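Chemist: A predicted structure for the sequence below; I have some questions about it.
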Amino acid sequence: MRHTLLLSSILATALVVSVNAQTWDEMTNGGGDAGDLAATAQMTIGVGPLTTLTGDNAASDADLFLIKVVDPALFAALVDTNTAFDTQMWLFDMNGNGIAHNDDRTSLFSGLLGSDVFTTGVNTGQTVASRLMAGECYILGITRYNRDPRDAANVRIFADSPFSGIHSPAQGAGALNNWLNTPAAGGFYQVTMRGVEYCQVPEPASMIALGAGLAGVALRRRKK
Ligand SMILES: [Ca+2]
Ligand SMILES: [Ca+2]
Ligand SMILES: [Ca+2]
């Protein structure tokens, strides 16, 4: 009985730690480069709100992450000004179909809000929120200017300008297939988000394994 209580409290502690972290780093949490295409997008795993995303932009890189939008109206993804380069931001569905793009929101840093109204493309005049469903996972991508996504026919998925525009997909554009242009490495980037959670909640088995690991630590400490 005491063991059950101990394990329960450890699991509760592990959950609280996960909720408080609220961050995802491409290397620390993801273990390496976030993929450049829909099939290799990096899964974010955790419990509760995901508020900060960090990573490293290599030469000719695109970093795609799977995130869950839980509140389309509140949705925000804003590149922080501590980022080292001229960013571009991309939002795709799970199959790589374009949803939204911005290049320069604040100075050269990108950002998208649920309340933004599209200024180009097939959804001109609609809000970004109207293209999102609560509880669905989407692909959020970061590239350095001017690495741009194209479909299998090498058609640009979004308009390239104006740079301040909120772009929806171009008429007839297909899903993400390749990236155009080859910028030098950009380095560190950070994105602050609202209305977003981790795409995947940890498996119960891994939570129990984590609890068991912590229990082992607790037992070893008690023996001293
Ligand atoms: Ca990448
Ligand atoms: Ca930019
Ligand atoms: Ca561009």
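Modeler: Here it is on my side, so go on. Residues are numbered from 1 along each chain as shown. Ligands and ions are numbered 1, 2, ... in the order given.
Chemist: Write out the residues of this structure neighbouring ligand 2.
Modeler: 86, 103-104, 108, 145 (CB under 5 Å from the ion). Placement of C-beta: from N, CA and C, glycine included.
Chemist: out of these, which is most surrounded?
Modeler: For those, the largest number of neighbours (other CB atoms under 10 Å) sits with residue 103, at 25 neighbours.
Chemist: Spatially, and excluding backbone neighbours, which residue is closest to that one.
Modeler: Nearest residue to residue 103 in three dimensions, chain neighbours excluded: residue 163, at 4.3 Å (CB to CB, 6 or more residues apart in numbering).
Chemist: Over to residue 184?
Modeler: Spatially, and ignoring its direct neighbours in sequence, residue 184 is nearest to residue 59 (5.4 Å; CB to CB, 6+ apart).
Chemist: Let me see the contact set for that neighbour.
Modeler: Residues near residue 59 by CB atoms under 8 Å, 6 or more residues apart in numbering: 182-185.
Chemist: quick one, what contacts residue 90?
Modeler: Residue 90 neighbours (CB under 8 Å, 6+ apart): 62, 64, 98, 100-101, 139-143, 149, 158.
Chemist: In strands only, show me the residues you listed.
Modeler: 62, 64, 98, 100-101, 139-143, 149 (DSSP state E).
Chemist: how about the helices in this protein?
Modeler: Taking DSSP state H as the test, the helices found in the chain are 2-21, 204-223.
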